[in-house]
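> have a look at this fold, sequence not included:
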């Protein structure tokens, strides 16, 4: 895989198997929030890494520090970039909460939020830069 510089687009490309892996993770941890890392290149996901939510809360998440560090080390070894993260709002909306916005430290990254519409999980994506939230289109790839 050729390494491409970071993409600052309003589109993220995610393989359907990655969406399924995230959906299964958020479903298995409900009613607690789930969280994880997305690795890839130029706005394309190549790896989904679920990470334990040490808060074990239905309304807040914090990635387990060692697992988060291990995920970063894995991405570096594989020549991938951190392109974003995901977490769930098991009983909330598909939009970033005020806490999500305040804690959006990785301005170049994508923020994927899983939420329930009736009983089905759905995913929305955002960019959060200096407190400004913009919706991002998710392109599913087979």
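Received the coordinates, thanks. This structure is a prediction, so every number in the text was calculated from the model and none was measured.
> spell out the secondary structure type for residue 138.
The three-state assignment at residue 138 reads strand, by DSSP: H, G, I helix; E, B strand; the rest coil.
> look up how far residue 96 lies from it.
15 Å (Cβ to Cβ, to the nearest Å). (Each C-beta comes from the backbone N, C-alpha and C, glycine too.)
> again with residue 23
Taken as Cβ to Cβ, the span from residue 23 to residue 96 is 19 Å.
> quick revisit: more neighbours, residue 138 and residue 96?
Using other Cβ atoms under 10 Å as the criterion, residue 138 and residue 96 rank with residue 96 on top: 19 against 16.
> contacting residues around that one?
104, 111, 113, 126, 128, 133 (Cβ atoms under 8 Å, 6 or more residues apart in numbering).
> which of the residues you listed lies closest to residue 71?
residue 111 (16.0 Å; Cβ to Cβ).
> you'd agree the closest one is in a strand?
Yes. Under three-state DSSP, residue 111 sits within a strand.
> I figured it hits residue 89, correct?
No. Using Cβ atoms under 8 Å, residue 111 is not in contact with residue 89, being 11.6 Å away.
> in the protein, which spans are strands?
Along the chain, the stretches classed as strands by DSSP state E are 11-15, 35-41, 44-51, 81-89, 110-117, 120-129, 132-141.
> how much space separates the one residue sitting closest to the centre of the chain from residue 29?
Centroid-nearest residue in the chain: residue 86, 2.0 Å away (criterion: Cα atoms, centre = their mean). From residue 86 over to residue 29 the distance is 12 Å, taken as Cβ to Cβ.
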